[in-house]
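In: Just to be clear, the model below is a prediction. Sequence and coordinates:
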Amino acid sequence: MHAKNRKFHHTIGLHIVALFEGAKGVLVLLTGFGLLTLIHQDLHLAAERLVRRFHLNPASHYPRIFIDAATHMTNMRLWMLAASALLYTMVRFIEAFGLWKQRPWAEWFAILTGGIYIPVEIYELLKRVTWPKIVVLVVNVGIVGYLAYDLDRTARNRSVHNKRKQRN
């Protein structure tokens, strides 16, 4: 593969990962704003309405857990969740920006921030196998693996380039 093609594929790959990470950040940011709209609301009633909206049985296991959690939610907890969403979003946006701009630190940062979830995802999958858990793990391992491969390839190319330079 020619150097121009390699650079093009490198750029496209990083842009795809950057867009994906940025989209995750936007989704969590919107969720955080949604949490803020619930401050000073009757969360128990809101949870029951949401469960009914999705045509779920409020007496069944998971909807009941959701309704009970909403009942015990305080305004301070909502603020803390919204602040956590903002922090997560900032990390995703920093990562997306760095990958888009092909900053040297960005791939390492993305491998670290994506890799820390893999043990948790495996643990959750071992507890109970579901398709969403499998998809999340496969996508995350794919992204981390791609970035690790790309870093290794870049380091090898740099090494070959430096050796050629020293010979001349």
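Out: Cool, the structure landed.
In: Next, count neighbours for the residue lying closest to residue 31 once chain neighbours are set aside.
Out: Leaving aside its chain neighbours, residue 31 sits nearest to residue 85 (5.7 Å; criterion: C-beta to C-beta, 6 or more residues apart in numbering). (Glycine included, C-beta is placed from N, CA and C.) Residues near residue 85, counting by other C-beta atoms under 10 Å, number 21.
In: Buried residues, the strand or helix carrying residue 83. List them.
Out: For residue 83, the enclosing helix or strand under DSSP states H and E is helix 75-100. Neighbour counts over helix 75-100 (16 or more other C-beta atoms under 10 Å) mark 78, 81-82, 85, 88-89, 91-96, 98-100 as buried.
In: One more: stretch 132-140?
Out: 133, 137.
In: longest single helix anywhere in the chain?
Out: Longest helix in the chain by number of residues, with DSSP state H as the criterion: helix 131-167.
In: That helix - what's its average pLDDT?
Out: Averaged over helix 131-167, pLDDT sits at 85.
In: what's the nearest residue to the residue nearest in space to the middle of the chain if we skip its chain neighbours?
Out: By C-alpha atoms, centre = their mean, the chain has its centre lying nearest to residue 24, at 5.2 Å. In space, and not counting its chain neighbours, residue 24 is closest to residue 92: 5.3 Å by C-beta to C-beta, 6+ apart.
In: Now do the one you found against residue 59, distance only.
Out: Residue 92 sits at a distance of 37 Å from residue 59 (criterion: C-beta to C-beta, to the nearest Å).
In: same thing with residue 22?
Out: 40 Å.
In: So, low pLDDT: which residues of the protein?
Out: Along the chain, the parts satisfying pLDDT under 70 run over 1-8, 159-165, 168.
In: follow-up on the earlier one: ok, now which ones touch the residue nearest to residue 24?
Out: 21-22, 24-25, 28 (C-beta atoms under 8 Å, 6 or more residues apart in numbering).
In: Turn those into JSON lines, including distance to residue 105 and secondary structure.
Out: JSON lines is the format used below for these (distance: C-beta to C-beta, whole Å; DSSP: H, G, I helix; E, B strand; the rest coil):
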{"residue": "21", "distance to residue 105": "14", "secondary structure": "helix"}
{"residue": "22", "distance to residue 105": "17", "secondary structure": "helix"}
{"residue": "24", "distance to residue 105": "19", "secondary structure": "helix"}
{"residue": "25", "distance to residue 105": "18", "secondary structure": "helix"}
{"residue": "28", "distance to residue 105": "22", "secondary structure": "helix"}
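In: Let's see if you can find the most crowded of these.
Out: Most surrounded of the contacts of residue 92: other C-beta under 10 Å gives residue 21, at 24 neighbours.
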